[in-house]
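Asker: Next one to model:
(chains A, B and C)
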Amino acid sequence: METVETFFQWLRQSYGIKITIGYDAWDRAQFLAGLWTTVKLSVLSIIFSLIVGVIGAFAQGSKYLILRAPIGIFVTFFRNTPPLVQLYFFFFALGSVLRVTTETGGSAPMVSAFSWAVISLSLFAGALNTEIFRSGIEAVPKSTLEASESLGFTRFQTYLYVVLPLALRISLPSLGTNLVNLVKTTSLAYAIAVPELLYAAAQIWSEQLNVREMMTVLLLTYILLVAVLVWILGRWEKALRIPGYGV
Amino acid sequence: MAMTDVKWTADQPIVSLKDVRKSYGSVPVLNGISLDIMKGEVICIIGPSGSGKSTLIRCINALNDIQGGSILVEGLEVHDPKLDKLALRKKVGMVFQQYNLFPHKTALQNVMMAPVKVLKENPAEVEKRARELIRKVRLEGKENSYPGELSGGQQQRVAIARSLAMRPDIMLFDEVTAALDPETVKEVLVTIKDLAAEGMTCILVTHEMGFAREVADHIYFTDKGVIVEHGPPAGFFANPTDPRTRQFLSQVL
Amino acid sequence: MWLRPIPEPDARVPGHMDVLLPRRSHQPPALNWREALFNPLTLTLVFAALIASVIGTAWAQDGTPGQASIPSVLLKWTPLLAQGFGYNILISVLSMAVGTLLGVLLGILQVSPVFVIRKFAWLVTQFFRNAPWLVLLFYAILLIPFQVTIFGVTMPFPGWLKAVIGLSLPVMAYMSEYVRGAIQSVPSGQWESAESLGFSRGQTMRMVILPQTVKRILPNWMNLYAVLTMATPLVSIIGVDDIMGYTRSALSAEGRPDVLIPMYLYVLCWFFIYCYPISLMTSRLERRYSVKL
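Answerer: This is a model prediction of the structure:
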């Protein structure tokens, strides 16, 4: 640890490169807390957006218009409006309504900024996931479904054992792209003062006046995060690969 | 359901079609088809493209519905809305032109899946049976291959084994060699011949006239949704009576 | 139960059954019920209804004397919001133009025969593709100087221009990937036949290959534009004038919590009405071109 700190001190003294998180414990703690918040935000949003996507795709395959129509409107609306405005709508507009009275008689928000960010990002990415899963399900050949029908599988068994495993594999590339975008989009939480990575970095550079250095660290950190996700997705895709099928 | 099951005895037709009618929108495809098939019989349905052959056997398996007439399979009314579909699927196996194997499962898993998941049979027993079936369709050693790694003929034989794993009484073959390379057609036909020789009731839609002549007990020639002519293969191929049959046979033979 | 009923195959077509082909060969499904449900007309109606309901409840609640009704508040701010939205569109068009130009160049470099150039172009592409848009905006706004001096003339570098540059970077990276993919999808026979006719590499690229990539890139390009437009409110975070910034000023000027929900919905609708037709056209194009791919 000390050698690392010495190295960053030397960078500063010899070249004037101020990577404060390298030698300043306070800045480092702040930055790592931001990183941790971004990771939490990403993981929670990924999980919830997948749930939204699966449920949405289920509902869109329903034969009942009453189920299909609201999901269709939700998907269309969330896909075609800016995620930042959605986030503001949730945090400022809905957040102003959803308040509770505290013991001291004051008024406090019912949902924290972090939670609003998770909700907003999950719905935005979930709308896209719905579309991705739906087209994956539709790409499963009808004749494969007929084969399972003629073997006596019920609709639900067909869905579980044939449609979902194949649809997941078909969807995986687009799903990966969307999840990578979701991780990048978590930086929007900065706008509602969630202390995530960008927020922490901005705090540091406005105190230390080391915009150039912090900015570079920040970009590299995001690219590292995305790289980790891409690696996980790649492993997953490899694990799901069917020999002789697909490209 | 049990009632109708009991009513059928082996001296009655195992499959019985009476005046079956069906149309897609305003296009009629089956215009009153009647035929009876006895247990252990092998019948081949031949005819020009679009004559309704495939639709006919898909109706026997309730993959398509019908608009008129009736289809009885071992005494089950196939198009009764109250029909227990599973009871029918257990009796009738079907093999498709495009094999339709599950691409994410190995050959062995494809064969085992329905008995385990649908019939809830003991996986160990099913596996034993599945391995026997794979041996029977001459694919030993390919148990752990995925469909994408097998040739068309091999996939089709896995599909036959998959249907047989449900222990059906009747097998439907819907142009099962039409999508295959010429050199792999034979291996599939041999498999079907073995089955026929064991006494399996088989209904085939086929373009392989030589095979039909060799294996069938009875040939049905359909055109424009009706049975134009039928009879045992020897007479059917030697002396077709209807001009449409003659024209068709002169084109394909 | 979960699946839509399996349609019966067309018996008139021989060999009508679907072939289990590798997934790339699947044509996108014809989205008929969606088209029936989500054509521009019905959607306009839906959102007219939505706005009407907001306005309707607002009328009903309009009991407090001395307070303007919500629709009249929205109406009052509409000219300002329209001006702000105009900035969003302007920024999106400029960023798209700059990003497209740079992206095409970068994409061509990505298929360069020179290894170093190829790798460098790839690295630049990956870097800007995987960095968050908002972070790139900060990068542009904070690291580009306030003014530049060219030939002794000092010109200010306004914030909106920096925003355009910041937003054009990810556009460039995405375009670069689309161009690379499209160039690589052109059959190699095209290169060979052009070469045998004596075309130089540059001529082949310009006259033979790139024209063939346009159809393939167009749907992606349009989609990218919609995504970019939806990213433009980010500029409000770095203090550049746009609809979002104006909205927030309007809201604080009004100081009325009951205006919050209608106002944000109103802004969402502005974007929806602009972006939805683009995404409709994109999916139409995708379907039309996909048959030939």
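
Asker: From here on, just use CA atoms for contacts and neighbour counts.
Answerer: Noted.

Asker: Stretch B:123-136 and chain A, are they touching?
Answerer: No: if you take Cα under 8 Å from any Cα of the partner chain as the test, stretch B:123-136 misses chain A, and the best it gets is 14.8 Å.

Asker: Which residues belonging to that stretch are considered buried?
Answerer: B:Val126, B:Glu127, B:Arg129, B:Ala130, B:Arg131, B:Glu132, B:Leu133, B:Ile134 (16 or more other Cα atoms under 10 Å in any protein chain shown).

Asker: Run through the residues that contact the fifth one.
Answerer: With Cα atoms under 8 Å, 6 or more residues apart in numbering or on different chains as the criterion, the residues that contact B:Arg131 are B:Leu108, B:Glu140, B:Glu143.

Asker: sec struct for the residue of chain A found nearest chain B, please.
Answerer: Of the residues in chain A, the one nearest chain B is A:Gly244, at a distance of 3.9 Å by Cα to the nearest Cα. Following DSSP: H, G, I helix; E, B strand; the rest coil, A:Gly244 is assigned to coil.

Asker: Name the nearest residue to it, ignoring sequence neighbours.
Answerer: B:Gly148 (3.9 Å; Cα to Cα, 6 or more residues apart in numbering or on different chains).

Asker: coming back round to it: highest neighbour count among the contacts of B:Arg131?
Answerer: Within the contacts of B:Arg131, B:Leu108 tops the neighbour count with 21 neighbours, counted by other Cα atoms under 10 Å in any protein chain shown.

Asker: And the contacts of the helix or strand that contains it?
Answerer: Here B:Leu108, judged by DSSP states H and E, is contained in helix B:107-117. For helix B:107-117, the surrounding residues in contact (Cα under 8 Å, 6+ apart) are A:151-153, B:101-102, B:121-123, B:126-127, B:130-131, B:134, B:142-147, B:158-159, B:161-163, B:165-166.

Asker: related to what we said a few turns ago, ok, now which ones touch the residue of chain A closest to chain B?
Answerer: B:Tyr146, B:Pro147, B:Gly148, B:Glu149.

Asker: near chain A, which residues of chain B?
Answerer: Contact residues (Cα under 8 Å from any Cα) of chain B with chain A: B:61, B:63, B:85-86, B:89-90, B:93-94, B:96, B:100-104, B:114, B:117-118, B:146-149, B:163, B:166.

Asker: Just the buried ones from those residues?
Answerer: Neighbour-count burial (16+ other Cα under 10 Å) applied to the residues of chain B next to chain A gives B:61, B:63, B:85-86, B:89-90, B:93-94, B:96, B:100-104, B:114, B:118, B:146-149, B:163, B:166.

Asker: confidence score at C:Asp10?
Answerer: Confidence at C:Asp10, expressed as pLDDT, is 35.

Asker: Please, where are all the helices along chain A?
Answerer: A:2-15, A:25-60, A:65-79, A:83-88, A:95-97, A:113-138, A:142-150, A:155-158, A:164-185, A:197-208, A:211-240 (DSSP state H).

Asker: wait, what's in contact with the residue nearest in space to the middle of chain A?
Answerer: For chain A, the residue lying nearest the average C-alpha position, counting by Cα atoms, centre = their mean, turns out to be A:Leu182 (3.6 Å). Residues in contact with A:Leu182 (Cα under 8 Å, 6+ apart) are A:Ser42, A:Ser45, A:Ile46, A:Leu121, A:Ala125.

Asker: how about 10 Å then?
Answerer: A:41-43, A:45-46, A:49, A:121-122, A:124-126, A:176, A:226, C:132 (Cα atoms under 10 Å, 6 or more residues apart in numbering or on different chains).

Asker: Nearest to B:Ser70 among the residues you listed?
Answerer: If you rank the contacts of A:Leu182 by distance to B:Ser70 using Cα to Cα, A:Gly126 comes first, at 47.9 Å.

Asker: so that closest one makes contact with A:Ile51?
Answerer: Yes: A:Gly126 lies in contact with A:Ile51 (Cα atoms under 10 Å); the separation is 7.5 Å.

Asker: so what sits against both of those two?
Answerer: In contact with both A:Gly126 and A:Ile51: A:Ser45, using Cα under 10 Å, 6+ apart.

Asker: Helix, strand or coil: sort out B:Val29 for me.
Answerer: strand.

Asker: what separates it from B:Gly50, distance-wise?
Answerer: Look at B:Val29 and B:Gly50: by Cα to Cα, to the nearest Å, they are 8 Å apart.

Asker: Those two: who's more crowded?
Answerer: Neighbours per residue (other Cα under 10 Å) separate B:Val29 from B:Gly50, with B:Val29 holding more: 23 against 19.

Asker: ok now do the more buried one, which residues does it touch?
Answerer: Shown in contact with B:Val29 (Cα under 10 Å, 6+ apart): B:21-23, B:50-53, B:55-56, B:223-226, C:11-12.

Asker: Relative to A:Leu160, which of those is nearest.
Answerer: B:Thr55 (27.9 Å).

Asker: Correct me if wrong: the closest one contacts B:Phe173.
Answerer: No: in this structure B:Thr55 lies outside contact range of B:Phe173 using Cα under 10 Å: 12.0 Å.

Asker: residues near the closest residue to A:Leu168 other than its chain neighbours, how many?
Answerer: Excluding the flanking residues, the one nearest A:Leu168 by Cα to Cα, 6+ apart is A:Gly136, at 6.8 Å. When neighbours are defined as other Cα under 10 Å, A:Gly136 has 23 of them.

Asker: contacting residues for A:Gly136?
Answerer: A:57, A:130, A:163-164, A:166-172, A:174, C:23, C:28.

Asker: What pLDDT does the model give it?
Answerer: Looking at A:Gly136, its pLDDT stands at 91.

Asker: Point to the residue nearest the middle of chain B.
Answerer: Nearest to the mean C-alpha position of chain B, counting by Cα atoms, centre = their mean, stands B:Leu172 at 0.9 Å.

Asker: Who wins on neighbours among the contacts of A:Gly136?
Answerer: Among those, A:Thr130 has the most neighbours (other Cα under 10 Å), with 27 neighbours.

Asker: where does it land on pLDDT?
Answerer: Predicted confidence (pLDDT) for A:Thr130: 94.

Asker: try C:Ile278
Answerer: The model's pLDDT for C:Ile278 equals 90.

Asker: For the residue of the stretch 51-200 of chain C found nearest chain A, which non-adjacent residue is closest in space?
Answerer: Distances between the stretch 51-200 of chain C and chain A by Cα to the nearest Cα are smallest at C:Pro132, namely 4.6 Å. Spatial nearest neighbour of C:Pro132, excluding adjacent residues (Cα to Cα, 6+ apart): A:Lys184 at 4.6 Å.

Asker: so where's chain B shaky on pLDDT?
Answerer: Chain B contains residues with pLDDT under 70 at B:1-6.

Asker: Closest residue of it to chain A?
Answerer: Closest approach between chain B and chain A, counting by Cα to the nearest Cα: B:Gly148, at 3.9 Å.

Asker: surely that residue meets B:His104?
Answerer: Yes: if you go by Cα under 10 Å, B:Gly148 and B:His104 touch, sitting 9.0 Å apart.
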